[in-house]
Every structure is written in C-alpha cells, then in structure tokens.
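Asks: Provide a 3D model corresponding to the input given below.
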Amino acid sequence: MQLQKAAGALGAYITGINLAEAADSETLFAEVHGALIEHEVLFFRDQVLQPLEYQAFARRFGQIEGHPAYPTVPGAPDVQVLESTAEAPTKIEAWHSDMTFRPAPPAVTLLHGQIIPAYGGDTLWTSATAAYAALSATLRRLLDGLDAVHDFRHGFRESLAEPGGVERLAGAIAENPPVTHPLIRTHPESGRRAIFVNSLFTTRIEGLTPSESDAMLEFLYRHLVIEEHTVRLSWQPNTVAIWDNRSTQHKPVNDFFPQHRKMHRITIAGDVPA
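Replies: Below you'll find the model as predicted:
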C-alpha cells in the first residue's frame, strides 16, 4: 500500500490495494484504518466492487448505521443509494458531518462512485481538528465547555416543505428528536479535539443568548472551511472515499446538472460524542 498526501490539513490518496481483498486481510485493513485515523479522509481509485463486496469491507469498521431518508441497494441492505438528477436534484448542499442529529452519530462514512458526471460534482472535506487547533487558546477555553443542539428537522427542512414531505418523513422525525452534543469533541481513537457543529444540523449553542449563539455559529462555520483546512476530490467511476465523520465535514458541489450522479454510501455506527 502506498500513500500520497492530498492536501496539507487532511486527505491522502491510497494505491496498491484492492479493498475487496482488504475485507479478508487483518494486515491490509489495519493499514487502511491507521491511515484513516491519521489523515481523516482517504481516496482510492479503480475499486471495482460489487455491492456485497463493498458491504463486506465496510463491516470491518464496525456496525452499520442506516439512514431514515435514503433507499438501499436490493440484496445489499447496508448500501444506501445517493442519486441526483436534473429531475430529482439533491437538496444537500451545506457543509456537514453525517447524521449528527443522532445521539451517537456515525464514526466513518464510505462513498463509492457509480455514475459520475463528465464534469463537475466534486466533493470537499474540511478538517475540524485543524480548525480547532487554529483557534486562539482563549476561544478554545470558552468553547470547550459549551454544548450545541442538532436537529433532523433542520437538515431536511426543504424536503419537509415539499407537498407530502411531513407525512413521508413522519417516522424519521419521531425517531430523531433534537439532541445535544459537546461543541468540541475528543476523538475516541486519536485523542485530538475537533469542532463539532455544522450548518446543516446544528440549530443553537446552549447557554448563549440567541444573538450570541447565531454569531458564534456563523463564525465557526466560516472558520471551519477556510481553504487551508480543506481538500477537494474530483470523482471518477469506481473511486472510493472513506472519511472520519468524527473529525471532518464535507460538502458536495452540485455543478453538474443536467447530468446524472449516483453514489453508494455506507455509514458506520459511532459512539456518543464526548
């Protein structure tokens, strides 16, 4: 396995490895897992994986976490389908960590490119650990003691506003009431600290007035995604991206319409942020 850094703050391209084989090899998987903890997001080209092979590899990371709003691949129930066309475009365009509306958000997310536009459709990631480290010591001391509220409804407000949206997502709303997480979390494996709010699901910071909360969140959202903290991937068919959801955020770039984009996603269950 060979590794080449993709950017200064996070990200690495991995070559010389077949992820289908890594599913059956303790040594190969340990190398991938170690690289993920160090670099936060990994990119693998030319990974021709059937859904069941992809599912088998993903299960090495831990228990699979389902998603209430996305369909799955027939015969491979762990593999979610993320598809966007001009007729049914994606509504997710904000920087975010996956499913922080859950009491224990996913630890790891895997995305496998299926149908890739000829142009556009890149994805960006940012390191929430690099963003935390770049704050002043004074601000870090303030933020370390705060909690923030995350809400499923906030992230899917556009879908809920559509005709029949509330009825379609009623089960997900009932199963996912608002939750509170530390504004700064400690990574359970690396021990590094990371900013843990995102513009898609975070609604407010507890203990601050509404105007103070709004101003602080707006500052953190801008600070998280300055260019020095980010990396960008141009997708190709059969590219796999694996990222640490505990210490990164990501954003799709929806500049490819009217082309078609289809991805297979798997999310790995995590622990309660602390």
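Asks: now the strands: where do they sit in the stretch 101-250 of the chain?
Replies: In the stretch 101-250 of the chain, the strands defined using DSSP state E, counting those that start in this stretch lie at 108-115, 123-127, 147-150, 179-182, 184-186, 193-195, 202-205, 230-233, 240-244, 248-252.
Asks: quick one: contacts for the residue lying closest to residue 68 once chain neighbours are set aside?
Replies: Nearest residue to residue 68 in three dimensions, chain neighbours excluded: residue 172, at 3.5 Å (C-beta to C-beta, 6 or more residues apart in numbering). Just so you know, the C-beta spots here come from the backbone N, C-alpha and C atoms, and that holds for glycine as well. Residue 172 makes contact with 68-69, 152, 156 under the criterion C-beta atoms under 8 Å, 6 or more residues apart in numbering.
Asks: List only those of these flagged as buried.
Replies: The neighbour count (16 or more other C-beta atoms under 10 Å) marks 68, 152, 156 as buried among these.
Asks: ok, so of these, who is nearest residue 56?
Replies: Comparing these against residue 56 with C-beta to C-beta picks out residue 68 as the nearest, at 24.0 Å.
Asks: returning to what we had before: for the contacts of residue 172, which one is nearest residue 176?
Replies: residue 152 (3.9 Å).
Asks: State whether that closest one and residue 173 are indeed in contact, as I suppose.
Replies: Yes. Using C-beta atoms under 8 Å as the test, residue 152 is close enough to residue 173 to be in contact (6.4 Å).
Asks: Enumerate every residue touching residue 110.
Replies: With C-beta under 8 Å, 6+ apart, residue 110 has these contacts: 54, 57-58, 61, 240-242, 265-268.
Asks: Just the ones in helices from these, please.
Replies: Using DSSP state H, 54, 57-58 are the members of the contacts of residue 110 that sit in helices.
Asks: returning to that earlier point: most neighbours out of the contacts of residue 110, which is it?
Replies: residue 266 (28 neighbours; other C-beta atoms under 10 Å).
Asks: Tell me the pLDDT of that residue.
Replies: Residue 266 carries a pLDDT score of 97 in this model.
Asks: That concludes my questions; thank you for your assistance.
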